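Engineer: give me coordinates for this.
(2 chains)
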There are 2 protein chains.
Amino acid sequence: MNLDLMRELSFSTDSKIVLLVMDGLGGLPDESGRTELEAADTPNLDDLASRSDLGLSRPLGTQGGVSPGSGPGHLGLFGYDPLEYVVGRGILSALGVGLELGENDLAARINFATKDESGKISDRRAGRIESEKAARLVERLQSEVEIDGVEVILSHEKEHRAVVIFRGEGLGDRLTDTDPQRTGLEPFTVEAEDGSGSGSERGAEVANEFVAQADRILAEESPANTVLLRGFGMHPALPGFSDIYRLSPAAIAGYPMYKGLARLAGMEVLQEGEGIAGEFDTLRESWDDHDFFFLHVKYTDSSGEDGDHRRKSEVIEQVDGLLPGLLDLGPDVLAVTGDHGTPAKLMSHSWHGVPFMLNSPYTLPTAESFGERTCAGGSLGAFAAAEIMGLLMGNALKLNRYGA
Amino acid sequence: MNLDLMRELSFSTDSKIVLLVMDGLGGLPDESGRTELEAADTPNLDDLASRSDLGLSRPLGTQGGVSPGSGPGHLGLFGYDPLEYVVGRGILSALGVGLELGENDLAARINFATKDESGKISDRRAGRIESEKAARLVERLQSEVEIDGVEVILSHEKEHRAVVIFRGEGLGDRLTDTDPQRTGLEPFTVEAEDGSGSGSERGAEVANEFVAQADRILAEESPANTVLLRGFGMHPALPGFSDIYRLSPAAIAGYPMYKGLARLAGMEVLQEGEGIAGEFDTLRESWDDHDFFFLHVKYTDSSGEDGDHRRKSEVIEQVDGLLPGLLDLGPDVLAVTGDHGTPAKLMSHSWHGVPFMLNSPYTLPTAESFGERTCAGGSLGAFAAAEIMGLLMGNALKLNRYGA
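Structural biologist: Coordinates of the predicted model:
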């Protein structure tokens, strides 16, 4: 996907686009021979399929066999080549706990850990310290750490895990982890991977100063008397949807990480209602305020991760039941897909092509149902997820012709 | 296919992968309307197809309409973008006659030719000199040519064709041919295409010295009184399978060129048994020693080159008969494909997508038979051959997730 080309060709109209993402939608056949989507009773999705373009979306484009994480999966859906635009783990963690990120933010993941008297790590997870206890330590660090010229923002995740943001001018993220990855070793100091005078050198100074102060503050604590830092990342400078596509985009999602990813792309994150139905309610209520809606349903992925073929089908059926209400709004273009597969059989993200359906007045329907295998024979073929935004824009008649 | 990404994500497990390549597998319909593969009676391949992912492998990726040679065809299968990694013709010829190549080897193809009294080429192929006679001349050159600091290794191919390797430090291969491509012209001297002091300059000196000595040695011979050199190439520095994929790869092939190509990728070349069945025997005997097997069947290609639609079907049927023995070994992932098409109708390599089938526990079967047109509707779509290694690795669960 060439974003410069999109920027050159796109223009604003009144037409409205909805991108409905069921996380981890793609599946594999169980003993019955049917995938989760194929087994689900989905009269509304099937009816829509009979009026839609079908295809298989490849999350990482031509990287066959590679399964994407949620970050790369969504960047692809949003039109950013996930191999070109990389979101560091620290950034994803920060998004996951709902921290708002700015361009001067350097994020890292924190593990509370245990150091022995000689300074060597004896437990990389501080005995998987209880969440309440760790949350209290995060509060202590938040109130006591002070670094010149840098705002330090901490947030607890779960058990021994937390996240830190260093907010300040001129920080870089080409930084090595302090986590030695095994016990019996001293933590590493953070090193800049690029040359002297770089922002990363300043980032390393700040991170090492943070660890030194944390060590003093936590010295008398047990079992968490130190912190390990890893997954440094800066806020990625993604060109935004309004800039590239002249859209006024909104995101509706139940989980912080997806809200955060949408915010990276410049979407306005709407306050969602309760559960999947609540998300659809929010869409209805905000219909007049935006021309692009990203609606994210999480539970397809989580039931796949749990290995629950049937429950994943039921989540899909629930979405199917909400579809008529969405169609009543009259979207000009509606796409239904996932960010990757999460087959119950694999209990994890997968590398397979993801069912994709696009409804607009300008489609070439090829089947009467929405499933992996009807999509495999569809008029869109197998294509890179990063092309989806272009397809949506084209079908919404929001793109000028390329060349005379 | 991004090899750095593969290197970053791959890890070693006990699972085993087999890549079964029927050279030139892809075909075209004859009068009966069926391709060689479709016409073949293949109960075992068809049964496997009903449990496999199907797709069309594009040997040169997005270069529609271009037919690959055996070198690019196999580089693609092995995961190397054939437009990025180039194997010179001299190198392929050297591999084809079974010469083992090292990193300091500069190879070129030799044509024995006839020069008239004025030094102009009167026959570029020395009247297609008989093989025995040419072989004797190769022996003479091998015993009489001496170049300071360079080992000269010659091998006869067939009729007027032979191959030479110059083995020595600091040679380069940006070299022009001496073959003037038509009669009535003097042979060109070899020139370096890059700057002074380059390895290619030293390569040119060596090659020109070789031609000068050959001219003296062959002066009294007839009709072959000179040599033309073309297709200069160094041993390509391909990153190997064990480095990229953490595999212990083995190759089973009946012909030197394919053994040589496999060796370039760092595969161990196993001593194969007699004929196609013998190759399958070798696979069985070596099953415990490797976790990746490339098994190459040549005769699909040669029968296609001969324009023999029926014989090509029979070769495929022979492979089909050997399939159950292979499946009994219990490969975790088995792919069956070709390096390109060789339709009997064309009597040559072709540009078409090549039938590809991948069997693993994680497939989305779409058809009950293995053929060009069932593959065209398959869940893998049409994809670049260079993605195959990623697909094999993913299905073998030997790849970490990309990104969080």
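Engineer: need the residues of chain A near chain B, please.
Structural biologist: With C-beta under 8 Å from any C-beta of the partner chain as the criterion, chain A meets chain B at residues A:28-29, A:35, A:56, A:60, A:62-72, A:82-83, A:86-87, A:89, A:92-93, A:231, A:343, A:345-346, A:348-353, A:372-373, A:376-377, A:381-382. From N, CA and C alone the C-beta is placed, and that goes for glycine too.
Engineer: switch to 6 Å and redo it
Structural biologist: Residues of chain A lying close to chain B by C-beta under 6 Å from any C-beta of the partner chain are A:28, A:62, A:64-69, A:71-72, A:89, A:92, A:349, A:351, A:372-373, A:376-377, A:381-382.
Engineer: show me these that map onto helices.
Structural biologist: Secondary structure from DSSP state H places A:71, A:72, A:89, A:92, A:372, A:373, A:376 of the residues of chain A next to chain B in helices.
Engineer: what bridges to residue A:294?
Structural biologist: Taking DSSP bridges as the rule, residue A:294 bridges to residue A:19, residue A:251.
Engineer: that one contacts residue A:18, correct?
Structural biologist: No: contact criterion C-beta atoms under 6 Å: residue A:294 and residue A:18 do not qualify, at 8.2 Å.
Engineer: when the two are compared, which one has more neighbours?
Structural biologist: residue A:294 (27 against 23; other C-beta atoms under 10 Å in any protein chain shown).
Engineer: tell me the spacing between the more buried one and residue A:263.
Structural biologist: To residue A:263, residue A:294 is 11 Å away according to C-beta to C-beta, to the nearest Å.
Engineer: show me the helices in chain A, by range?
Structural biologist: Using DSSP H, helices in chain A cover A:3-9, A:36-39, A:43-49, A:70-77, A:89-96, A:131-144, A:199-218, A:241-245, A:256-264, A:275-285, A:299-305, A:309-328, A:372-376, A:388-395.
Engineer: just the pLDDT for the closest residue to chain B within the stretch 251-400 of chain A.
Structural biologist: In the stretch 251-400 of chain A, the residue found nearest to chain B is residue A:382; the distance is 2.9 Å by C-beta to the nearest C-beta. Listed pLDDT for residue A:382 reads 95.
Engineer: hang on, the earlier thing: can you select the buried ones from the residues of chain A next to chain B in ChimeraX?
Structural biologist: The following ChimeraX line selects those of the residues of chain A next to chain B that are buried, judged by 16 or more other C-beta atoms under 10 Å in any protein chain shown:
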select /A:28,62,64,65,66,67,68,69,71,72,89,92,349,351,372,373,376,377,382
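Engineer: what comes into contact with the helix or strand bottoming out on mean pLDDT in chain A?
Structural biologist: Lowest by mean pLDDT, DSSP states H and E among the helices and strands of chain A is helix A:89-96, with a mean of 88. Residues from elsewhere that reach helix A:89-96 (C-beta atoms under 6 Å, 6 or more residues apart in numbering or on different chains): A:71, A:101, A:107-109, A:163, A:165, A:231-233, A:256-257, A:260, B:404.
Engineer: what is the most widely separated pair among those?
Structural biologist: A:232 and A:256 (20.0 Å; C-beta to C-beta).
Engineer: okay, these two: which has more neighbours?
Structural biologist: With neighbours defined as other C-beta under 10 Å, residue A:232 and residue A:256 compare such that residue A:232 has more, 29 against 15.
Engineer: residues touching that one, list them.
Structural biologist: A:90, A:108, A:173, A:175.
Engineer: ok, now residue A:252?
Structural biologist: With contact set as C-beta under 6 Å, 6+ apart, residue A:252 has these partners: A:270, A:272, A:279, A:282, A:283, A:295.
Engineer: pull up the gap between the fourth one and residue A:187, please.
Structural biologist: This means residue A:282. From residue A:282 over to residue A:187 the distance is 44 Å, taken as C-beta to C-beta.
Engineer: follow-up on the earlier one: figure out which of the helices of chain A is closest to residue B:315.
Structural biologist: Closest among the helices of chain A, using C-beta to C-beta: helix A:372-376, at 29.3 Å.
Engineer: which helices and strands does the closest one pack with?
Structural biologist: When contacts are defined as 3 or more C-beta pairs under 6 Å, 6 or more residues apart in numbering or on different chains; DSSP states H and E, helix A:372-376 packs onto strand A:52-58.
Engineer: list the contacts of the strand it packs on.
Structural biologist: Identification of contacts with strand A:52-58 by C-beta under 6 Å, 6+ apart yields A:337, A:353-354, A:356-359, A:363-364, A:366, A:374-376, A:378-385.
Engineer: repeat for stretch A:99-112
Structural biologist: In contact with stretch A:99-112 (C-beta under 6 Å, 6+ apart) are residues A:89-91, A:93-94, A:126, A:129, A:134, A:155, A:160, A:162-167, A:171, A:173, A:203, A:224, A:227-235.
Engineer: which among the residues you listed count as buried?
Structural biologist: A:89-91, A:93-94, A:126, A:129, A:134, A:155, A:160, A:162-167, A:171, A:173, A:203, A:224, A:227-235.
Engineer: those in strands, which ones?
Structural biologist: A:155, A:162-167, A:227-234 (DSSP state E).
Engineer: any low-confidence regions in the stretch 301-404 of chain A?
Structural biologist: Applying pLDDT under 70 to the stretch 301-404 of chain A flags no residue at all.
Engineer: also the stretch 1-150 of chain A?
Structural biologist: A:1.
Engineer: tell me which residue in it sits closest to chain B.
Structural biologist: Counting by C-beta to the nearest C-beta, the stretch 1-150 of chain A gets nearest chain B through residue A:65, at 2.8 Å.
Engineer: what is the neighbour count of the residue lying closest to that residue once chain neighbours are set aside?
Structural biologist: In this structure, residue A:65 finds its nearest non-sequential neighbour in residue B:394, 2.8 Å apart by C-beta to C-beta, 6 or more residues apart in numbering or on different chains. Number of residues near residue B:394 (other C-beta under 10 Å) recorded here: 25.
Engineer: for residue B:394, give its distance to residue A:60.
Structural biologist: Residue B:394 is 11 Å from residue A:60, by C-beta to C-beta.
Engineer: now the two most distant members of the ones in helices among the residues of chain A next to chain B.
Structural biologist: A:89 and A:373 (34.8 Å).
Engineer: contact partners for residue A:336?
Structural biologist: A:20, A:357.
Engineer: contacting residues for residue A:249?
Structural biologist: A:241, A:267, A:292.
Engineer: list the buried residues in stretch A:30-48.
Structural biologist: Quick answer for stretch A:30-48 (16+ other C-beta under 10 Å): A:30, A:34-40, A:42, A:44-48.
Engineer: centre of the chain versus it, how much separation?
Structural biologist: Distance, stretch centre to chain centre, for stretch A:30-48: 26 Å (C-alpha atoms, centre = their mean, to the nearest Å).
Engineer: end to end, how far does it reach?
Structural biologist: One end of stretch A:30-48 sits 25 Å from the other (C-alpha to C-alpha, to the nearest Å).
Engineer: any idea what sits nearest residue A:74, other than its immediate chain neighbours?
Structural biologist: Going by C-beta to C-beta, 6+ apart, residue A:74 has residue A:261 as its nearest residue, at 4.5 Å.
Engineer: do I have it right that that neighbour meets residue A:76?
Structural biologist: No: taking contacts as C-beta under 6 Å, residue A:261 lies outside contact range of residue A:76: 11.0 Å.
Engineer: list the contacts for the closest residue to residue A:349 other than its chain neighbours?
Structural biologist: Once flanking residues are discounted, residue A:349 sits nearest to residue A:67: 4.4 Å by C-beta to C-beta, 6+ apart. Residues in contact with residue A:67 (C-beta under 6 Å, 6+ apart) are A:349, A:350, A:351, B:401.
Engineer: from the residues you listed, pick the one nearest residue B:322.
Structural biologist: Nearest member of the contacts of residue A:67 to residue B:322, counting by C-beta to C-beta, is residue A:351, at 29.5 Å.
Engineer: wait, the closest one touches residue A:65, no?
Structural biologist: Yes: with contact defined as C-beta under 6 Å, residue A:351 reaches residue A:65; the gap is 4.9 Å.
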